[in-house]
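Student: no sequence for this one, just the structure:
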């Protein structure tokens, strides 16, 4: 299956669903920019505005998964790479900047520049913590169908330092939930039962949503699977996690999470979604 992708601008709602059931297809046309137009482009608001006809090299767009993030590379649509990408993403306190030049991503602070691992992440989106002490990044290993990961970093005097295993308890919990969940209503005939039995329990995708309680907690969405080879495809559970320990503080069904946190920073609830 060849996935197609939908880029969502800041004026549209948030979140997405993949092909077959998650991803919506769209083809964007990015206008050519003459060389004399490129000088000072990062300071040109018309080029940084996130629109259907904006310049993919300079647009500042919310991440496709969460309105609380910014897309680092703008590679969600047709291009797999964006070698002329230019982005300066300041922290809330204005003292730190994530600087993207092509696929080189550096942290600038205190007059110095530090290497980061973010340049090796595909389709990455970054969310600064409100106190500027941390950030999370959501990224994919192989493209739109994932697997998707969320990593959390401390911002230290030595640069970014990962806090390991923040989401380590999410996948085991998600698998337990799916194995206990009732069989979907569409499984009504022997043929449909055969299809259902041949699919797998998939819980590889963890999507960052937003910070909670300052920088001490993070909200993530765990996805049941990206395609028709996965049981409960497109369904998800939302987890409130203590960052330093990875401890799950609270879980929400998709409907509960949308009610509590709104739908701007969470995946779409599909019409035939199951509560896990």
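Tutor: Nice, I can see it. As the structure is a prediction and not an experimental result, all values here were calculated from the model.
Student: select the longest helix from this protein.
Tutor: Longest helix in the chain, counting residues (DSSP state H): helix 170-180.
Student: tally up the residues packed near residue 208, please.
Tutor: Neighbourhood size, residue 208 [other Cβ atoms under 10 Å]: 30. Just so you know, the C-beta spots here come from the backbone N, C-alpha and C atoms, and that holds for glycine as well.
Student: wait, it touches residue 67, no?
Tutor: No. Using Cβ atoms under 8 Å, residue 208 makes no contact with residue 67, being 11.8 Å away.
Student: got the buried residues for stretch 118-137?
Tutor: 118-119, 121-130, 132-137 (16 or more other Cβ atoms under 10 Å).
Student: tell me what the host helix or strand of residue 139 is packed against?
Tutor: Assigned by DSSP states H and E, residue 139 belongs to strand 134-140. Strand 134-140 sits against strand 122-128, strand 148-156, strand 205-212, with contacts defined as 3 or more Cβ pairs under 8 Å, 6 or more residues apart in numbering; DSSP states H and E.
Student: for the first one, packing partners?
Tutor: When you say that, I think you mean strand 122-128. Against strand 122-128 (3+ Cβ pairs under 8 Å, 6+ apart) you get strand 70-71, strand 134-140, strand 205-212.
Student: please apply the same query to the longest one.
Tutor: The criterion is 3+ Cβ pairs under 8 Å, 6+ apart, and the helices and strands that strand 148-156 contacts are strand 134-140, strand 159-163, strand 205-212, strand 217-223.
Student: for residue 246, which of those strands is the nearest?
Tutor: Closest of these to residue 246 is strand 159-163, at 8.7 Å (criterion: Cβ to Cβ).
Student: tilt between that closest one and strand 134-140?
Tutor: Interaxial angle of strand 159-163 relative to strand 134-140 (axes from the mean of the first three to the mean of the last three Cα atoms, to 10 degrees): 70 degrees.
Student: by how many degrees do strand 159-163 and strand 148-156 diverge?
Tutor: Using the same axes, to 10 degrees: strand 159-163 against strand 148-156 is 130 degrees.
Student: re earlier: and the helices and strands packed on strand 148-156 as a markdown table, adding distance to residue 256 and mean pLDDT?
Tutor: Listed next are the helices and strands packed on strand 148-156 as a markdown table, based on distance: least, Cβ to Cβ, whole Å; pLDDT from 0 to 100:
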| stretch | distance to residue 256 | mean pLDDT |
| --- | --- | --- |
| strand 134-140 | 21 | 96 |
| strand 159-163 | 27 | 97 |
| strand 205-212 | 13 | 96 |
| strand 217-223 | 12 | 97 |
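Student: would you list those strands in JSON lines and tack on distance to residue 179?
Tutor: JSON lines is the format used below for the helices and strands packed on strand 148-156 (distance: least, Cβ to Cβ, whole Å):
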{"stretch": "strand 134-140", "distance to residue 179": "25"}
{"stretch": "strand 159-163", "distance to residue 179": "29"}
{"stretch": "strand 205-212", "distance to residue 179": "17"}
{"stretch": "strand 217-223", "distance to residue 179": "14"}
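Student: nearest residue to residue 254 other than its sequence neighbours?
Tutor: Nearest residue to residue 254, sequence neighbours excluded (Cβ to Cβ, 6 or more residues apart in numbering): residue 269, at 4.8 Å.
Student: ok, the one you found - how many residues close by?
Tutor: 18.
Student: how far away is the residue nearest to residue 141 when sequence neighbours are not counted from residue 257?
Tutor: Excluding its sequence neighbours, the residue lying closest to residue 141 (Cβ to Cβ, 6+ apart) is residue 147, at 5.2 Å. Using Cβ to Cβ, to the nearest Å, residue 147 is found at 21 Å from residue 257.
Student: now swap in residue 179 and tell me
Tutor: Plainly put, residue 179 is 21 Å away from residue 257 if you go by Cβ to Cβ.
Student: higher neighbour count, the two?
Tutor: Higher neighbour count among residue 179 and residue 257: residue 257, with 24 against 9, using other Cβ under 10 Å.
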